[in-house]
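Engineer: sequence and computational prediction follow.
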Amino acid sequence: MPLEAFPYKLAWEASIPTNVNFFIWSLLWKRILTIDNLNARGMTLHNVCVLCGSSEENINHLFLSCSASLLVWKRLTEHIPRMGTIMVWDDPKSFLLNWPKLNNRGLAEAVWCILPYAIFWVLWKVCNETIFENGSFELEKVRKRVICTIWEWLDIIGKSVDVKKGQTLAILMLNWKNLVADSW
Ligand SMILES: [Zn+2]
C-alpha cells in the first residue's frame, strides 16, 4: 500500500508520546488486542465489551460507539457545535481524518488537536485496568484523566512553544468548556 493511501501522519505527526504513536498506529490498522481480535487469533473469549457490558467488543465499538465511550466524547466535546457531524464516523481512522479544526489558538488549539488521541488512549487504559486490575468505568474520573493526560502531553509541544504559559491544570479542568472553545 502506498504511503499516501494511508494517513500515516495521523499517527506519527501528532504531538503525543512515542508509545502512544505506536498505539494509535495499531488502532488505525485495527491491530490492537480487543476481544474480537484475540478470538481471531485462536482464543475463545466470551465477547462482551468491558465498558458497557452489553455489546460485542470490537475496535469501532470500544472507542466510538460504546455507550460508555460516547459519554466521554460527549462530556468533553458537546460544547463544540460541529461535533454533532463528526460523531457519525464510527471507525477511528475516518474519525481522526475528519476531526474538525478549532477556531482558536494557543492552549485551546493545542489541547483540541491532541484531545481525540488522549480519549482513545485513556479509554484503552481504562478498558485494560477493568480487565486486569479490577478497575471500573467512572465518567468523571475518565474525564479528569483525559485532561491530566493532555496536560502532560502538552510538554511535548511545549519544547518549541510554551502553550501552558499563564495556565494551570486546575484552570483547564475547571474552565474546560470556556477555554477549549471556538473563538469568533
Ligand atoms: Zn461497550
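Structural biologist: Nice, I can see it.

Engineer: near the ion, which residues of this structure show up?
Structural biologist: Counting by Cβ under 5 Å from the ion, the residues of the chain lying close to the ion are Cys49, Leu51, Cys52, Ser55, Cys66. For glycine as for every other residue, the C-beta is placed from the backbone atoms N, C-alpha and C.

Engineer: chain neighbours aside, what residue packs nearest to Asp36?
Structural biologist: Asn58 (4.4 Å; Cβ to Cβ, 6 or more residues apart in numbering).

Engineer: wait, His79
Structural biologist: Nearest non-adjacent residue to His79, counting by Cβ to Cβ, 6+ apart: Lys177, 4.4 Å away.

Engineer: the lengthiest helix in the chain - contacts with which helices or strands?
Structural biologist: The single longest helix within the chain, with elements called by DSSP state H, is helix 106-132. Helix 106-132 sits against helix 18-28, helix 67-77, helix 92-97, helix 139-158, helix 176-179, with contacts defined as 3 or more Cβ pairs under 8 Å, 6 or more residues apart in numbering; DSSP states H and E.

Engineer: tell me the mean pLDDT for the third one?
Structural biologist: For helix 92-97, the mean pLDDT works out to 92.
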